[in-house]
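# Need a 3D model of the sequence below.
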Amino acid sequence: MRAQNPGEILWSEALVARLSELWMSGTTSGEIGRRLGISRSAVMGKLKRLGLLGRERSQVPIKPPQMPRLVTDFVIPPPPPPRPRPPIGSFDIMDLLYSDCRWPEGNYAPYKFCGDRQAPNSSYCETHTRRSMSASQPRGTPFYLTPLRSVGA
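Okay, the predicted model is just below:
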């Protein structure tokens, strides 16, 4: 007799007979493994060595898939009314729309934002666009229209 591996299964005649009986009755290999206290892989390996894997066997009746039930009395509720727009200067970041002024109001979080309509080519309204311009530029001249100065000339 050869040395035993720690996980090796001793297949007795009774165990092989029980395995064959369960397999031919249509029981799955996973269920056979649970009933016999061994792994599914051990069951599949023994079935292959016994030549039972390719044989016809009785099938456990499989339930046909059920069609999903159609719900006919389901009513989609109307959407809630839109939230009223806050007054200018008291917008939260989540209240801002795409074209609202992003000028932050206050020095500490949580910030409030202006929320007025944006000026063309700016993230701010007309008032805040003017406030954001540098003092070295003429008032109302956007930074991208200011000519560049050469350095060290």
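# residue nearest the centroid of the protein?
A centroid search over the chain (CA atoms, centre = their mean) returns M94, at 22.8 Å, as the residue closest to the centre.
# What about R35, how many residues nearby?
13 (other CB atoms under 10 Å). Bear in mind the C-beta positions are built from the backbone N, C-alpha and C, glycine included.
# Tell me which helix or strand it sits in.
Secondary structure from DSSP states H and E places R35 in helix 29-36.
# Please state the offset of that helix from the chain centre?
Computed by CA atoms, centre = their mean, to the nearest Å, the chain-centroid distance of helix 29-36 equals 35 Å.
# Am I right that A42 falls within a strand?
No: under DSSP: H, G, I helix; E, B strand; the rest coil, A42 falls outside any strand and is assigned helix.
# okay, now the closest residue to S39 other than its chain neighbours: neighbour count?
Leaving aside its sequence neighbours, S39 sits nearest to G33 (CB to CB, 6 or more residues apart in numbering; 5.5 Å). By the measure other CB under 10 Å, the count of residues near G33 is 18.
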